[in-house]
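Sequence and predicted structure below; questions after.
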Amino acid sequence: MTRDDNDGKRPPDFIRAMVERDAESGKYGGRVATRFPPEPNGYLHIGHSKAIWISYGIAQEFGGTFNLRFDDTNPTGENQSYADAIIEDMRWLGVDWEDRLYYASDYFEQLYEWGEKLIRDGKAYVDSSTEAEIREYRGTVTEPGRNSPYRDRPVDESLDLFRRMRAGEFEDGAHVLRAKIDMAHPNMTMRDPLLYRIRHQHHFRQGDDWCIYPMYDYAHCLEDAIEDITHSLCSLEFKVNREIYDWILDAVGIERPRTEQTEFARLNIDYTIMSKRKLIQLVEDGHVSGWDDPRMPTVAGLRRRGVTPEAIRKFNEMIGVSDVDSRIEYSRLEYAIRDDLNWTSPRRLAVLDPLKVVITGYPEGEVEWVDAPEYPRDVGKEGTRRVPFTREIWIERSDFMEEPFRKFYRLAPGREVRLRHAYVIRCDEVVKDPESGEVVELRCSHDPETMGANPADGRKVRGTIHWVSAEHAVPAEVRLYDRLFSVPDPEADLEEGASFAMNLNPDSLVVVEDARVEPSLADDPPGTRYQFERHGYFMSDPEDSGSGRLVFNRTVTLRDSWAKIEAKRKGS
RNA sequence: UGGCCCGUGGUGUAAUUGGCAACACGCCUGACUCUGGAUCAGGAGAGUCCAGGUUCGAUCCCUGGCGGGCCAACCA
C-alpha cells in the first residue's frame, strides 16, 4: 500500500497542454507519437529518465505510441554494449516500447536519397574546404560568415562528388555535404550546416556498408518524420536547432501536419553532474568503480544503490516539466526514494558500530526468539521474522553517552532505554579500557516484564534503540554512500585549469567492514532491500554480496531529525 | 558585441479567456509513537527581476532596462 499520489493531481505542464490541444483539434488525426532517441555512446542517467518519462508518459496518457530509437549516426564511440545497457536500463525503468525498437542507421539509405534530392534541388552542395576553412568561413555569433568557394559548384558536380563520397573514393575530411541556406544567418545553425561527413569507420550495426554518416541536424528530424512522430520532445539546448529541423523537413518535402519539436528544461540535481562526457571521465579516471557505481547518477548506479524504478518515476512526476533552466534540490530525490521504500522495505536490525552490552540479570546460554514484525503498524503489512535475544548483545556505540545532555534520549549511566522488540534495560555500569579510557562494555539490568509490554509501574521510557545478539549476529560489510560532490553545482565557478573533479566529496563512500546484523539477513538473495531501523534503506549488493559474504549498500538515510538537533547543539 | 530563449517564497512547479499568488520539497512548532522513521496538526517564508505604460484591476498584455541560459564540433 503506497500512498495515493494521484489525488491532488497537478495541472498539465506546458507540453501536455499542447499535446492535449493537438489531440482535441485533431491536428494529427488525434494521434500521439513520441520517441526517446539515445545515442549508444554512454549510459543512461537520471536526467535521461526525465526525458523518458516525459515522452513515454505522454504517449501513455494520450493513448499514443512510444518508440525507442537509437540515434546511431556517428560510429565514433557508439557500440552495441552501450545499446544493450540502455535497453536493459529502460526495461528496468519499466518502459514498454512494444515492438518499436528502431535504429537510425536503418534509415541510412533513405537519408542518402534525400541527400541527393537536396543536391538536385539546389538545396545542398558538396564542400571541399578543409575543416579549418569551414570553421573560419562560418563567422562568429557576432559576425556573419562568408560563402564557401565551392558553394556554387554545379549540381552535377556535387552529385557526382556525393556519390563518390559514398563509394569510398575519398579520405576522411576531403568533402562534406552542406545545406545551402545563408552564411549570414543570425542563427549559426543555419549557416550552411553540414549534412554528411566522411568517416571510414566500422559501424556497430551497419558494418562497413557506409563511409559517410549523416549529422544530427540532418538526420534527426528525418528520423522523426520516417517514424511519423507527432511530438518530438528534447531538451532546451536544441532550441536553436529547431529552425534547421523545420528547414530540412521542408526541403525534402515532408508535408504538414508533421513532427514538431518542443523543448523542455533538462534535469539538474544538486551535488551531482549530468554531463555524459564528465560521467565518462569519472569512470575512466577511476574516481568511481564504474558506470554502476552506486554514487553515479546513472540508472545503473541508482539501481545498484537500491533505488527503485518506482521512486525514479515518482521523482520525475514530482519535479514537473517546464522550459526554465532549473536545479533540483537533492532532498527531493531523497524524499521520492524514501516515500517509496518506506512502504515496501521490511525492517531489520543492524549495528554498524558495535558496543558490547551484557544484560547481567539474564541467564547465560538462554535464547529467546522474538517474533518481530517486518513492518511498523502504520505501513499496514503483515509478516514477522524471528530475532534472537541473549545475555550479550551489540548496540550502536552512538546510542550510549557517558555524559548525556538534555535531549539525548538513549542510554547513559543510570538511564533506561527500550531495546527494539525486546526489554527495557538500564545502564548500571560502564566498563572502560584502563589504558585508553575507551568504553568497551556496558553492564545493564533488564526489566523482565517489559518484553512486548510497557513498564508495569507506568514509568516512561523515551528512547528505543536497535541491537543484535552477540552470539547470533552475522558480520557484514556496509557501504555508506553519500552525495558524489561536496558542492551543489560542481561545474560552476571553476578557476582556470580547475576540474569539476576537485569538487568530489571525499566521504561519498565510507565502508564499514565489521557491522553486525541480525541473522535473518543471511539467507536472502543479493539485491534484497531493507530498512535498517534508525539508519536508512539498504540493499544487499547484487555483485559482491552472496556465498557467505554479506555486503549492503545504503540507498538513502532515514530522515534524521536527531542529526539536526545535534548539529544545532554543536553549532551554537 | 549578434540572434534566440527564460526570469513567481530557499528549491521545483501552479494560478485555466487579466480578478488582491496555490501546491510540493525543505525549514520551524506541536501531537502521536517500542524506529529521534512514518503519520497528523499548525507556522514562518514571495507580493511575482526592475522601471514605466494599457486597464476599474496586471504574475498574465506592451515598451525599455537588468539578470541568467543557449548558439561559432566534420558531437548529439
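Arrived safely, thanks for sending.

shouldn't A:Phe400 be in contact with A:Phe408?
No - applying CB atoms under 8 Å, one finds A:Phe400 not in contact with A:Phe408, separated by 9.7 Å. Just so you know, the C-beta spots here come from the backbone N, C-alpha and C atoms, and that holds for glycine as well.

of these two, who's got more company?
Per other CB atoms under 10 Å, whichever of A:Phe400 and A:Phe408 has more neighbours is A:Phe400, with 22 against 19.

Grab the nearest non-local neighbour of that one.
Spatial nearest neighbour of A:Phe400, excluding adjacent residues (CB to CB, 6 or more residues apart in numbering): A:Leu411 at 4.6 Å.

A:Ala422 versus the one you found, what's the distance?
Computed with CB to CB, to the nearest Å, the distance linking A:Leu411 and A:Ala422 is 14 Å.

Neighbour count: these two, which is higher?
Neighbours of A:Leu411 and A:Ala422, each counted by other CB under 10 Å, are more numerous for A:Leu411; the result is 27 against 21.

Show the pLDDT at that one.
Among the per-residue scores, A:Leu411 holds a pLDDT of 97.

Go ahead and confirm it touches A:Glu402.
No - applying CB under 8 Å, one finds A:Leu411 not in contact with A:Glu402, separated by 9.9 Å.

All the helices of chain A, residue numbers only.
When assigned using DSSP state H, the helices of chain A occupy the ranges A:14-25, A:46-61, A:80-93, A:108-120, A:131-137, A:155-167, A:216-226, A:242-252, A:276-284, A:299-305, A:309-319, A:330-341, A:561-571.

how many other residues sit next to the nearest residue to A:Asp217 once chain neighbours are set aside?
The shortest distance from A:Asp217 to any residue that is not its chain neighbour, by CB to CB, 6+ apart, is 4.7 Å, and that residue is A:Ile244. As a burial measure, the neighbour count of A:Ile244 was computed by other CB under 10 Å and equals 23.

Could you do A:Ala83 as well?
20.

Pull out the buried positions in stretch A:489-501.
Neighbour counts using 16 or more other CB atoms under 10 Å place A:Pro490, A:Phe500 of stretch A:489-501 among the buried residues.

Surely A:Arg153 and A:Ser129 touch.
No - the pair A:Arg153 and A:Ser129 fails to qualify as a contact (CB under 8 Å) at a distance of 11.3 Å.

pLDDT-wise, which helix or strand of chain A ranks last?
The least trusted helix or strand in chain A, going by mean pLDDT, DSSP states H and E, turns out to be helix A:561-571, with a mean of 85.

For that one, what is the distance to the chain centroid?
Distance, stretch centre to chain centre, for helix A:561-571: 30 Å (CA atoms, centre = their mean, to the nearest Å).

Now do the strands in the stretch 351-500 of chain A.
Taking DSSP state E, counting those that start in this stretch as the test, the strands found in the stretch 351-500 of chain A are A:354-359, A:368-373, A:384-389, A:392-396, A:416-419, A:424-432, A:439-447, A:464-465, A:467-469, A:474-481.

and the shortest one, what does it pack onto?
Applying 3 or more CB pairs under 8 Å, 6 or more residues apart in numbering; DSSP states H and E, one finds that strand A:464-465 contacts strand A:416-419.

residue contacts, the residue nearest to A:Asp217?
A:Ile244 makes contact with A:Ala179, A:Thr189, A:Met190, A:Pro193, A:Asp217, A:Cys221 under the criterion CB atoms under 8 Å, 6 or more residues apart in numbering.

out of those, who's nearest RNA strand B?
Taking CB to the nearest atom of the strand as the measure, RNA strand B sits nearest to A:Thr189 out of the contacts of A:Ile244, at 5.5 Å.

and that closest one, what is it in contact with?
Counting by CB under 8 Å, 6+ apart, the residues that A:Thr189 touches are A:Asp217, A:Val240, A:Asn241, A:Glu243, A:Ile244.

and what of A:Met215?
Contact analysis of A:Met215 by CB under 8 Å, 6+ apart lists A:Thr73, A:Pro193, A:Leu194, A:Leu195, A:Tyr196, A:Arg197.

Dump those residues to JSON lines, plus neighbour count, distance to A:Leu282 and pLDDT.
Putting the contacts of A:Met215 into JSON lines (neighbours: other CB atoms under 10 Å; distance: CB to CB, whole Å; pLDDT from 0 to 100) gives the following:
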{"residue": "A:Thr73", "neighbour count": "23", "distance to A:Leu282": "26", "pLDDT": "98"}
{"residue": "A:Pro193", "neighbour count": "22", "distance to A:Leu282": "32", "pLDDT": "98"}
{"residue": "A:Leu194", "neighbour count": "17", "distance to A:Leu282": "31", "pLDDT": "98"}
{"residue": "A:Leu195", "neighbour count": "26", "distance to A:Leu282": "34", "pLDDT": "98"}
{"residue": "A:Tyr196", "neighbour count": "25", "distance to A:Leu282": "33", "pLDDT": "98"}
{"residue": "A:Arg197", "neighbour count": "19", "distance to A:Leu282": "29", "pLDDT": "98"}
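
Now the two most distant members of those residues.
Within the contacts of A:Met215, A:Thr73 and A:Pro193 form the most distant pair, 14.1 Å apart (CB to CB).
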